[in-house]
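A.B. asks: sequence and computational prediction follow.
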Amino acid sequence: MASKMEGTTHELKRALGFLKIFFKNSRGLVGVIIIVFFTLMAVLAPVLTPYQPLQPFVSGLYAAPTWLKYLPTFLGGMPKLSENFYPINITSFSSVSAGWTFVKNSTNISNLQVLKGFDNSSSCLVITFSRNETGQNALSGISNATLYYDFYFPYQGAPYQWVAGMTLIVNGTSTSTQIQEAGTTIDPHTGHFPMINVTLNSLAVIPQMTLSIERLSDGGRWQVFPWPLTNQSNWQGLNGTKIINTTPTWLSVESDSFTVNSTAAEGSAAGTAVADAEFIASPGADANGWYRYALNIGFLDNLNSTVPVQTSIYVDNGFFSCAGRAFGILGTDDQGRDIWTQLVYGSRISLIVGLLAAVIGVALGLVVGLAAGFMGGAVDEVLMRFSDLLLCIPFLPLMMVLVEILGPNIENLIIIIGFLGWMGFARMIRSQVLSLKERPFIEASKSVGAGRTHIIVRHVLPNVMPLVYITLASSVPGAITLEASLAFLGFYDPTRMSWGRILNGAFSTSGALSWWWVIFPGLCIASLAMAFILLGFALDEVLNPKLRLRK
């Protein structure tokens, strides 16, 4: 027991002595600080950013960093950049007067009401058109209503995109129509699909709805049609009920048109509406000012004059926002993904690939070098010729071929880099073992009957471990830069974001002109690689007494 305590105390003193010498080395200290910085970045990634590295449309595409707004213009500042703006986000209409205004032009349209939704889980606004009279003269034609919300847009520069939508549920008096259509089963006697009678239920009063965003000062208007309500067939559904969900609806400021993808339910196919986005504004005018976000509704009553009719529109989940041209610390890429988030999570990939690939390569090189150097003969010849063969093959093309064959995921990349990075270190270990096995203490061990395994584990391996530590630290930069090079060339894991993939995205699009998209991932790669190189130099000086004495 006492001997174990003495051994533990001795090892602890050695470790403390090593750390005392190591931290006097300025290069090693700088390297450790940089490595700790990137390690904390990797571990604390969910704290440093609320987004995911592959999450698209967190802002406008190619958004600049927010801090560029505060730089002087002669230094490249862009003070008029707009940021993300969220004037409206209502998941439940609990009050009629919550900033919304309702205007109608007909007594057939009721005042706005607040009721429970169809699922009774939230409140929604209800707009109802009703007609109790019958007869041809009772038809009211078009009755209009508008539900709008006014807000102030504070930025001088125009947004990259408006994002708008509402969830609408329409229910009302239905009318039945008998039509004939081909059946789904072939008649065995005729060999044809027989014609069958089909009853279609559709609304008697057709709602026509649009969402619009209008600037009040000069009438500049963006308009979107959530559903192309051009005729009665658009409202065919179960019992005259249709659900429209326009989430999300994208309106592009820069384009003269936009596409709205609507999702339909209850038995009818969805459709895509395309409309011109008309914007009228004074030339050179700033974008800031008062805007109106409106749901425009028209009730078309011209079909069924024989019965009283009623159609109700349930309005829920109203939202409106804009995607800005400035976002976050480093802006966004060509898909609107946060570059700062990509940079933070990319540190994980670089550290994992660098460390694991270096461990695999050094471990393989250590085993091969020990076997070749100590066993000699045919074993040495075969292992060294095999390593020479691998050293002669062009490394990067071989890596590209293997990644393409095995798949570009991170696990395969680590294995490939590790299994192709042992040759040089194996030759170094072999040369050290050839020298060590001729030393007197090895001959003394052999003379007292020590076996080969005992000699390797107890005498040879401890004497080559300083070289293992140094090579392990100096191999990590090569693995990091190799992963970045492959990712830059397009051989990256599609499910993960790395620094090399960020550079690939910048140079494969016009994003290379956005210097912040290129400079920062490049600096991270260079800094982390330099940190491990400095660590390797420091370990070499500490573990090699001759270098310490020379200083």
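C.D. replies: Happy to help now that I have it. Just so it is clear, the model here is predicted, and its values are computed rather than measured.

A.B. asks: wasn't residue 208 part of a helix?
C.D. replies: No - assessed with DSSP: H, G, I helix; E, B strand; the rest coil, residue 208 is strand; it does not lie in a helix.

A.B. asks: got the contact list for stretch 486-506?
C.D. replies: Identification of contacts with stretch 486-506 by Cβ atoms under 8 Å, 6 or more residues apart in numbering yields 53-54, 333-334, 339, 342-343, 345-347, 349-350, 353, 399-400, 403-404, 408-410, 413, 483-485, 507-508, 511-512, 514, 517-518, 521-522, 524-525. The C-beta positions use only the backbone N, C-alpha and C, and glycine is treated the same way.

A.B. asks: how does it look with 6 Å?
C.D. replies: Here stretch 486-506 makes contact (Cβ atoms under 6 Å, 6 or more residues apart in numbering) with 53, 333, 342, 345-346, 349-350, 403, 408-410, 484, 512, 517-518, 521, 524-525.

A.B. asks: out of these, which are inside helices?
C.D. replies: Secondary structure defined by DSSP state H assigns 342, 345-346, 349-350, 403, 410, 484, 517-518, 521, 524-525 of the contacts of stretch 486-506 to helices.

A.B. asks: out of those residues, which two sit at the greatest distance?
C.D. replies: Pairwise distances across the ones in helices among the contacts of stretch 486-506 (Cβ to Cβ) peak at 24.5 Å, for the pair 403 and 517.

A.B. asks: more neighbours: which of the two?
C.D. replies: residue 517 (27 against 21; other Cβ atoms under 10 Å).

A.B. asks: how about the more buried one: what's its closest non-neighbour residue?
C.D. replies: Nearest non-adjacent residue to residue 517, counting by Cβ to Cβ, 6 or more residues apart in numbering: residue 506, 4.4 Å away.

A.B. asks: please read off the pLDDT at residue 406 from the model.
C.D. replies: You'll see residue 406 listed with a pLDDT of 87.

A.B. asks: spatially nearest residue to it, not counting backbone neighbours?
C.D. replies: residue 412 (4.5 Å).

A.B. asks: what residues sit buried inside the host helix or strand of that neighbour?
C.D. replies: In this assignment (DSSP states H and E), residue 412 forms part of helix 410-419. Residues of helix 410-419 classed as buried by neighbour count (16 or more other Cβ atoms under 10 Å): 410, 413, 414, 416, 417, 418.

A.B. asks: how about stretch 56-72?
C.D. replies: Neighbour counts over stretch 56-72 (16+ other Cβ under 10 Å) mark 58, 59, 60, 61, 62, 63, 64, 65, 66, 68, 69 as buried.

A.B. asks: now the second one: how far from residue 372?
C.D. replies: When Cβ to Cβ, to the nearest Å is the yardstick, residue 59 and residue 372 sit 57 Å from each other.

A.B. asks: cool, the third one as well?
C.D. replies: Distance check for residue 60 against residue 372: by Cβ to Cβ, it reads 59 Å.

A.B. asks: what's the answer for residue 459, then?
C.D. replies: The gap separating residue 459 from residue 372 is 17 Å, by Cβ to Cβ.

A.B. asks: compare the two and say which is more crowded by neighbours.
C.D. replies: Using other Cβ under 10 Å as the criterion, residue 459 and residue 372 rank with residue 372 on top: 25 against 17.

A.B. asks: thought residue 429 was touching that one, still the case?
C.D. replies: No - in this structure, residue 372 is not within contact of residue 429 by Cβ atoms under 6 Å, at 8.2 Å.

A.B. asks: after the helix holding residue 412, which helix or strand is next?
C.D. replies: Note on helix 410-419: by DSSP H and E, the next helix or strand toward the C-terminus is helix 423-436.

A.B. asks: keeping just the C-alphas, turn stretch 451-470 into PDB.
C.D. replies: Output in PDB follows, covering the C-alpha atoms of stretch 451-470 (Å, rounded to 0.1, in the frame of the first residue of the first chain):
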ATOM      1  CA  GLY A 451       9.800 -11.800 -23.500                       C
ATOM      2  CA  ARG A 452       9.200  -9.600 -26.600                       C
ATOM      3  CA  THR A 453       5.900  -8.200 -25.400                       C
ATOM      4  CA  HIS A 454       7.400  -7.300 -22.000                       C
ATOM      5  CA  ILE A 455      10.300  -5.500 -23.600                       C
ATOM      6  CA  ILE A 456       8.100  -3.500 -26.000                       C
ATOM      7  CA  VAL A 457       5.600  -2.500 -23.300                       C
ATOM      8  CA  ARG A 458       7.900  -1.800 -20.400                       C
ATOM      9  CA  HIS A 459      11.100  -0.500 -22.200                       C
ATOM     10  CA  VAL A 460      10.500   0.500 -25.900                       C
ATOM     11  CA  LEU A 461       7.000   2.100 -25.700                       C
ATOM     12  CA  PRO A 462       7.800   4.500 -22.800                       C
ATOM     13  CA  ASN A 463      10.800   5.800 -24.700                       C
ATOM     14  CA  VAL A 464       8.900   6.600 -27.800                       C
ATOM     15  CA  MET A 465       5.800   8.200 -26.100                       C
ATOM     16  CA  PRO A 466       7.300  11.700 -26.200                       C
ATOM     17  CA  LEU A 467       7.400  11.300 -30.000                       C
ATOM     18  CA  VAL A 468       3.800  10.100 -29.900                       C
ATOM     19  CA  TYR A 469       2.600  13.100 -28.000                       C
ATOM     20  CA  ILE A 470       4.400  15.600 -30.300                       C
END
